[in-house]
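Asks: sequence first, predicted model second:
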Amino acid sequence: MLSQCFILYVKNKCIHVISIEISFIVNEW
């Protein structure tokens, strides 16, 4: 159960970072 929560947390963090990267790239254009 705890590991599932951790995996979800990591996935959300990755998605968050990717969205920040994308918005940064879009702003650079």
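Replies: Nice, thanks for sending it over.

Asks: what number of residues lie near V26?
Replies: Using other CB atoms under 10 Å, V26 is surrounded by 8 other residues. Bear in mind the C-beta positions are built from the backbone N, C-alpha and C, glycine included.

Asks: now it: which helix or strand?
Replies: helix 2-28 (DSSP states H and E).

Asks: quick check: the gap between C14 and W29.
Replies: Distance from C14 to W29, counting by CB to CB, to the nearest Å: 23 Å.

Asks: compare those two and say which is more crowded by neighbours.
Replies: Taking neighbours as other CB under 10 Å, C14 and W29 compare with C14 leading, 10 against 4.

Asks: return the distance of that one relative to I7.
Replies: Distance, C14 to I7, by CB to CB: 11 Å.

Asks: kindly report the same for N27.
Replies: Applying CB to CB to N27 and I7 gives a distance of 31 Å.

Asks: between those two, which one's more packed in?
Replies: I7 (10 against 7).

Asks: any figure for the gap between that one and V17?
Replies: Distance from I7 to V17, by CB to CB: 16 Å.

Asks: avg pLDDT for the helix holding V26?
Replies: For helix 2-28, the mean per-residue pLDDT is 90.

Asks: flag every buried residue along it.
Replies: Under the neighbour-count criterion of 16 or more other CB atoms under 10 Å, helix 2-28 has nothing buried.
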